[in-house]
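Asks: Next comes the sequence, and after it the predicted model I'd like to discuss.
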Amino acid sequence: MAGIIEQERYTCAIGAMQTVVAIPRAVPILHSGPGCGTMVAGFFERASGYAGGSTAPCTNAGENEVVFGGEEKLATVIEGANQVLDSDLQVVLTGCTTGLVGDDVARVVKRFREQGRPIVHVETPGFRSNNYVSHSSVVNAIIDQYVGDAPRNVPRNPDLVNVFATVPYQDQFWKGNLRELKRILRGIGLKPNILFGPESGGVAEWKTIPNARFNILVSPWAGLEIVRHLEEKYGQPWFQFPYLPIGGNETARFVRGVAEFAELDPQRVKAFWKREEAGFYEEIQSLATFLLEFRYGLPSYYHAIHDASYVVGLARFLLNEVGIVPKEQFVVDGVPEAHQEAIRAALAATSDKRTIPVTFDPDAGKAQDAIRAAQHAGRGLLIGSGWDKLLAKEKGLDFLSASAPSPYRLVLTTGYLGYEGGLRLIEDIYNGVLATYA
Amino acid sequence: MSTINLRTPSAPVREARLGSITGYQGTASDLVQCARRGKLKERERSFSQCLGCSTANAACTVILIQDAAVISHGPVGCSACYHEFAFVYRVNGDHRGVVEPTQRRIFSTNLEEKDAVFGGNQKLEAAIREVHQRTKAAAIFVLTTCASGIIGDDVEGITTQAEEELGIPVVAVFCEGFRSKIWTSGFDAGYHAIARRLVKPPRKKQLDLINVVNFWGADIFSDLFGRIGLRPNYLTPYATVEQLARSSEAVATIQICATLGSYLGAALEQEFGVPEIKAAAPYGVAQTERWWRELGRMTGREAAVEKLLQEERERWLPRVAALRGQLEGKTAYVTAGASHGHSIIAVLRELGMEVQGAAVFHHDPLYDNGSEQTDALAKVVQDSGDVPNYNVCNKQEYELVNILNRVRPDVLLARHGGMTLWGGKFGIPSLLVGDEHFSLGHRGIVNYGERILDAIENDEFVKNLARHAINPYTRWWLDQNPFHYLGGCRDGRDH
C-alpha cells in the first residue's frame, strides 16, 4: 500500500495537461470536476503557456454530471472550444469524477474526430497514476489518435530521430534541456524531433514521428511506455540514456552512446564532443582556482531531493566535475519498484570508492527528517524544491531550488542538461553561495 | 429559518443554502432586486473554462492555523497547489506578528486505483496516526475530495474515532469539489468544521476582543481598534487552535468580506452568542462610517468611534479629494469575488472613477445572517448609483477577454490570480491587490487611489506586451456577444 505523502513534489495523472500545454498551439480540455485545472496551475505556477491555466476549457463536472453522466456536457464544451480557441490539436483529459462515473469519453471524442477535427482523449483520473506516468499516456494517445497508423514500409529519414527526455513543466528546466539536447544531436548529424516547446515544429513535427529511424529516451523510467509503444507501433528501435547527462563527461558518454547505437560517423561525432569538451573545460579550468582556493567556505557535500533522473545526473556531475560530494540522496518521483535497482546501480557507478546512500519514497517529509538528522562535517548544500528552503535555513545549508514546486525561483529557458547546462548549474550553485557573503 | 446547523457533519453548499448563482448579466440594481424577491435563477454556460473548487478554499481556512496539520484525503493532485499556502504563511508572517513562521504540515493520503475500488478508510486511519506521530499538531484537519466523496469513505466516523484515540481534535472538513460550482462553499465547509469541533463555549467574555474574519492581510486592526479600546482576534489564518477555541469569548465578529466569513460569523452568533456586525464591510466613506458606528453601538463605544471618525476624516479626506482631481472620469473594470468586488466598486467611485462594469465570481442573494444590511452590492447601488454591465461570472476568462476587448477601460482591477493577464495583453494597466485590508477605511481609499494612479502612469510594460502578445482566442469569438454561451434559467425560462 502506497503511504501518505507529505510535501508533494509531483501531482496526479491530470497534471499531464501540462504535456499538452508544452506542444505549441495545442489545447487541453478537462473533463473533470472544478478545481483540477486550478490545482495543476497552482502546482506548477507561471506555466499557462498557450492555453493552459485559466484558458483551458473544462466541463467542471458537478453533482448533475456525477449522477446523470457528463457526456453531453463534454460535447458542448468541445464544440465551444472549437469556436472560441484557435488550436492545432485538442486533448481531452479526464478527472476522478469522470473516471468513477464511467462516462464513455472515447465515444464523444471519436464523433468529433470523425468530423476531421484534430482531437484525442486520454484517461487521467487522479487516482489512476501521477503525472510522471500519465505523461506517457498523453503522448501515446496523441500518437494513436492523431499521428495515426503508418504502413510498414513508411519512408524513413535516416537522420530523423524522435526525442523523449524530461516531463515538461514537472522538469522546470525542460525548455532549456530540450534546446541543448537538440543542439547536441544536430551537432552529431541527426535531425531531432524535439516535439515540445519553442524548439519544436508543433503538430507538423508530431506527424513525422513514424518517419524517424529510431527513438531516444533520456530518462530512467518515465517515458519507457512511449518508446516501447513506438517500437510496437512503427517498428522503431530505441536508445535509452537512463539519467540526465550534465557536464562534460556525461554528455560525451551520452553522445557516444547515441552514435554507437545509430552507427553514426565516428570521426564527426568525436570531433563534436572534443570541441564541446574543450570549451567546457576551459571554463572549469578557469574556475578551478576558485574551487580549490576560496578560503571563506564553499559547500563540500550536498543532499538532493529530486526525481531519479536528476539525482543520478547531479551526482555524476557534481562529484566528478565539480567536487561536491553526494551524501544522502532522496528520489521522490514514485519510481516503480521494478526500476529501482537499475537506478541504484547507475548511482553506485558514479564512484568506485564511495557509497552514495539513496532512498526511494515520494513522502518528502521523511526525506526532510532524514536530512535534519544527518551530521556531516563541512559546509553543505541542499538541492530541492521550494518546500526545502526552510529546512536549508534551519540546517545552515546552502540551497538551490531546482525541482517542483518552485515558489522561490523563476525558471524561464534555463537548462541543466549538457555542456551549457552543466556550466549554468555551476553558476547557480556558486552564485547562491557567494550571495551569502555581504 | 437558520442556515446554520452544526449538528450535521457537513454544511450545505452555497447554491442550496443561500440560493447563490454564478451566471448573470444585467445591472447591479436588477440583480439586487431580483435577489430580494427570491427570483434569482442560475444561468448555465454551455462552454466553460477551469474553475476553482471548494477544497482549496477550505484548505485556506485551515492550513494557515499556526499549530494545525492538514491531510487531504484524495489522490495526490487534490492538494497540489497547497505549497502556495506554505509560501503565503512564510512571507506574510512578518505582517501578522508571527516572527518565525513554521513549515506548514500538509499531507495527502495519496489515494490510488485500488483505494477507489476497495475504499480509502484504512489508509486514512493510518494517515491520521502517522501525521499525529510526525507533527504533534494541536489539531488535525482532514479535507475530503471528489474521489473520497464518490467512493463513500466514512471520514466522519474515522475522524471522530481518531479524536478519541489521540486526544486531540481530528476534524473532518467536507469540501468535495463536485458538490458546488461556487468555490467559496469551501470557506463554509472549513468554518463549519471549526465552529462545530474546535470552538468551545466561553469561560468568560473578553469585553475588548473582536473576532476579525479575514485572509492574511496586514495587521491594521491592532492600531484602529486600539484607538477605541478594542483588540482584534484574527480568524483563522495565523490563529492558534486555542485562539480559535476561545473566539466564543469575543464581544463581536466583524467581516472583511462577507462572502468569506458569512458562515463563521453566523455560527458564532447563533451557537456561541457572539453578535456579528451586520453592516457591510468598511470600504468607501459612506459604508466605512456606517460600519464604525455600528461597531461603536455594539461595543458601547459610540463617542470613541465619533472621535476616531473625525480623526480619520481630517487625516485622509483631503488626500482623497486630491486623488479625485487626478482620477476623476478615468474608467475602470472590476473582476473579483463577491463581496470584495462590491467593496472595490465603492472605493473606485469615491475616487471619482467611472466603473464601466464588473465581472464578479458569484452572487449570494443574502448571507447566512439574513440581513440586508450586509449586502455590499445593495449599499453600493444605494450610495453611488447603479452599476451597468454587471456580470456574475466565475472566472470564465473567455467572457472577460471578450468584454475587455470591447470596453477597453483605463484600468482593470482584479482580485484573483490569472485575471490581470488579459488586461495586460490588451495594453490595459491592470492591478491586483492581494491584501484585503489595503483599501479598507478612509485610509484605504488613499492607498488604493495611489496604486491606481501608479498603474495608469506606468503603462509602458502593458503597452509593449500588447504589441507582442499571443492571443489564442478566435476572431469569431471576439466578435460575438460576450454572453453567447450563457444560457437561460435551469428551469428553461429566460431570466
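Replies: Thanks, I have the structure now. Residues are numbered from 1 along each chain as shown, chains lettered A, B, ... in the order given.
Asks: The stretch 151-300 of chain B against chain A: which residues are in contact?
Replies: Contacts of the stretch 151-300 of chain B with chain A, taken as Cβ under 8 Å from any Cβ of the partner chain, map to B:Ile151, B:Gly177, B:Phe178, B:Arg179, B:Ser180, B:Lys181, B:Trp183. (C-beta placed from N, C-alpha, C; glycine too.)
Asks: export the residues you listed to CSV and tack on pLDDT and neighbour count?
Replies: Converted to CSV, those look like this (pLDDT from 0 to 100; neighbours: other Cβ atoms under 10 Å in any protein chain shown):
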residue, pLDDT, neighbour count
B:Ile151, 94, 19
B:Gly177, 96, 37
B:Phe178, 96, 29
B:Arg179, 96, 26
B:Ser180, 95, 29
B:Lys181, 93, 28
B:Trp183, 94, 28
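Asks: Output the residues you listed in TSV; the columns should cover secondary structure.
Replies: Shown next, in TSV, are those (DSSP: H, G, I helix; E, B strand; the rest coil):
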residue	secondary structure
B:Ile151	helix
B:Gly177	helix
B:Phe178	helix
B:Arg179	helix
B:Ser180	coil
B:Lys181	coil
B:Trp183	coil
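Asks: Count the neighbours of residue 437 for me.
Replies: Chain wasn't specified; assuming chain A. Neighbour count of A:Tyr437, defined by other Cβ atoms under 10 Å in any protein chain shown: 7.
Asks: try chain B instead
Replies: B:His437 - counted by other Cβ under 10 Å - has 22 other residues nearby.
Asks: A:Gly35 now?
Replies: Residues within reach of A:Gly35, counting by other Cβ under 10 Å, total 31.
Asks: show me what contacts it?
Replies: B:Cys50, B:Leu51, B:Gly52, B:Cys53, B:Ser54, B:Thr55, B:Ala56, B:Gly177, B:Trp183 (Cβ atoms under 8 Å, 6 or more residues apart in numbering or on different chains).
Asks: With B:Val320 instead?
Replies: Per Cβ under 8 Å, 6+ apart, neighbours of B:Val320: B:Val285, B:Glu350, B:Leu351, B:His442, B:Ile445, B:Val446, B:Gly449.
Asks: any idea how far the second one lies from B:Ile445?
Replies: Distance, B:Glu350 to B:Ile445, by Cβ to Cβ, to the nearest Å: 5 Å.
Asks: on that earlier part again, show me just the buried residues among the contacts of B:Val320.
Replies: For the contacts of B:Val320, a burial check counting by 16 or more other Cβ atoms under 10 Å in any protein chain shown picks out B:Val285, B:Glu350, B:Leu351, B:His442, B:Ile445, B:Val446, B:Gly449.
Asks: if we can go back for a sec, for A:Gly37, state which of the residues of the stretch 151-300 of chain B next to chain A is nearest.
Replies: Taking Cβ to Cβ as the measure, A:Gly37 lies nearest B:Gly177 of these, at 11.0 Å.
Asks: Leaving out sequence neighbours, find the closest residue to that closest one.
Replies: In this structure, B:Gly177 finds its nearest non-sequential neighbour in B:Cys53, 3.2 Å apart by Cβ to Cβ, 6 or more residues apart in numbering or on different chains.
Asks: Please give the number of neighbouring residues around that neighbour.
Replies: For B:Cys53, using other Cβ under 10 Å, the count is 31.
Asks: for it, phi and psi?
Replies: phi -130, psi 170 (degrees, to the nearest 10).
Asks: which residues does it contact?
Replies: With Cβ under 8 Å, 6+ apart, B:Cys53 has these contacts: A:Gly33, A:Pro34, A:Gly35, A:Cys36, A:Thr38, A:Met39, B:Gly177, B:Phe178, B:Ser180, B:Trp183, B:Gly186.
Asks: again, but for A:Ala342
Replies: A:Ala342 neighbours (Cβ under 8 Å, 6+ apart): A:Pro220, A:Pro242.
Asks: please redo it, this time with the cut-off set to 10 Å
Replies: A:Pro220, A:Trp221, A:Gln240, A:Pro242, A:Ala308, A:Val312, A:Val335 (Cβ atoms under 10 Å, 6 or more residues apart in numbering or on different chains).
Asks: Determine which two of these are furthest apart.
Replies: Counting by Cβ to Cβ, the most remote pair of the contacts of A:Ala342 is A:Gln240 and A:Val335, 14.8 Å apart.
Asks: Could I get the full set of helices for the stretch 101-250 of chain B?
Replies: B:113-118, B:121-135, B:146-151, B:155-166, B:185-197, B:221-226, B:241-245 (DSSP state H, counting those that start in this stretch).
Asks: Dump the contacts of A:Gly35 into TSV; add distance to B:Tyr367 as well.
Replies: Shown next, in TSV, are the contacts of A:Gly35 (distance: Cβ to Cβ, whole Å):
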residue	distance to B:Tyr367
B:Cys50	27
B:Leu51	21
B:Gly52	20
B:Cys53	21
B:Ser54	17
B:Thr55	22
B:Ala56	21
B:Gly177	22
B:Trp183	16
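Asks: Stretch A:296-316: end-to-end distance?
Replies: 26 Å (Cα to Cα, to the nearest Å).
Asks: what do you get for stretch A:143-163?
Replies: Note: stretch A:143-163 ends 14 Å apart using Cα to Cα.
Asks: in it, what counts as buried?
Replies: Neighbour-count burial for stretch A:143-163 flags A:Ile143, A:Gln145, A:Tyr146, A:Val147, A:Leu160, A:Val161, A:Asn162, A:Val163 (criterion: 16+ other Cβ under 10 Å).
Asks: what's the following helix or strand after the longest helix along chain A?
Replies: If you go by DSSP state H, chain A has its longest helix at helix A:266-293. With elements assigned by DSSP states H and E, the helix or strand that comes after helix A:266-293 is strand A:301-306.
Asks: Show me what that next one packs onto, helices and strands only.
Replies: Where contact means 3 or more Cβ pairs under 10 Å, 6 or more residues apart in numbering or on different chains; DSSP states H and E, strand A:301-306 is packed against helix A:308-317, strand A:325-331, helix A:364-373, strand A:380-384, helix A:389-395, strand A:398-401.
Asks: and the angle for the fourth one with strand A:325-331?
Replies: Which is strand A:380-384. On the basis of axes from the mean of the first three to the mean of the last three Cα atoms, to 10 degrees, strand A:380-384 is oriented at 30 degrees to strand A:325-331.
Asks: Excluding residues flanking it in the chain, which one is nearest the residue sitting nearest the centre point of chain B?
Replies: What sits nearest the mean C-alpha location of chain B, by Cα atoms, centre = their mean, is B:Leu260, with 3.9 Å. In space, B:Leu260 comes closest to B:Phe187 once its chain neighbours are excluded; the distance is 5.6 Å by Cβ to Cβ, 6+ apart.
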